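S.K.: could you look at this predicted model? Sequence included:
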Amino acid sequence: MSASLADADVAAVIAAQRLCFAATVTPSGRPNLSPKGSIRVLDEHRLFFLDIASPGTVRNLRANPWIEINIVDPISRRGYRFRGRGSVHSGDAAYADAIALVTEETGVVYDAETVVVIEVLEIEPMWSPGYQRTPDERAMREIWTRRRAELDRAFEEHLARYGAFVPPAPPG
């Protein structure tokens with residue numbers, strides 16, 4: 001697929017999810033995978049996410065700009081893989097545009113030190129092998145909507161039994 005974020009399906013999957021997993025490489029060559037909840041399309045060839053709590057990702061990109069972003073709809077069991085080069089921005093037009101877009105969309109002003117912009121060089125569709133046994137996306141969504149409800153009930157039982165996660169206080 002050509003590296004265009006203007007494709008209606010690509011844009012719809014990104015807009016519907018907002019959660020992606022970003023893979024970078026540490027300076028010592030080790031993989032680093034990190035969830036990002038602010039992924040957005042900046043323009044036809046670039047994605048971005050806010051650096052809300054991404055010190056490792058930012059440090060990795062400053063040493064090695066290669067990044068892969070995976071976005072998958074958990075109900076449709078399909079999505080896209082985006083490969084490209086990431087750059088870190090603060091105080092420039094890309095930073096201001098990204099902050100303005102997320103603020104306008106969510107009504108929340110995030111404390112983002114930087115913004116990571118990804119120049120997308122490759123886009124590759126991904127889908128579950130479950131499609132080999134499922135006629136189409138509507139059927140897949142029906143199966144996983146029911147399954148998701150079962151999984152949610154099981155996790156609610158876990159929370160009732162063991163209590164809800166409470167994040168640790170930030171350092172300092």
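M.R.: Yep, that arrived.
S.K.: near R153, how many other residues are there?
M.R.: R153 has 10 neighbouring residues, counting by other Cβ atoms under 10 Å. The way it works is simple: take the backbone N, C-alpha and C, and place the C-beta from them, glycine included.
S.K.: got a list of what it touches?
M.R.: With contact set as Cβ atoms under 8 Å, 6 or more residues apart in numbering, R153 has no partners.
S.K.: in the protein, which spans are strands?
M.R.: 20-25, 31-36, 40-43, 46-51, 66-73, 78-89, 114-127 (DSSP state E).
S.K.: now the last one: buried residues?
M.R.: When you say that, I think you mean strand 114-127. Of the residues in strand 114-127, 114-118, 120, 123, 127 count as buried by neighbour count, 16 or more other Cβ atoms under 10 Å.
S.K.: can you check the second one too?
M.R.: Buried residues in strand 31-36, counted by 16+ other Cβ under 10 Å: 34, 36.
S.K.: and the shortest one, by the same measure?
M.R.: When neighbours are counted by 16+ other Cβ under 10 Å, the buried residues of strand 40-43 are found to be 40-42.
S.K.: that strand: partners in the sheet, and parallel or antiparallel?
M.R.: According to DSSP bridges, strand 40-43 forms sheet pairs with strand 46-51 (antiparallel).
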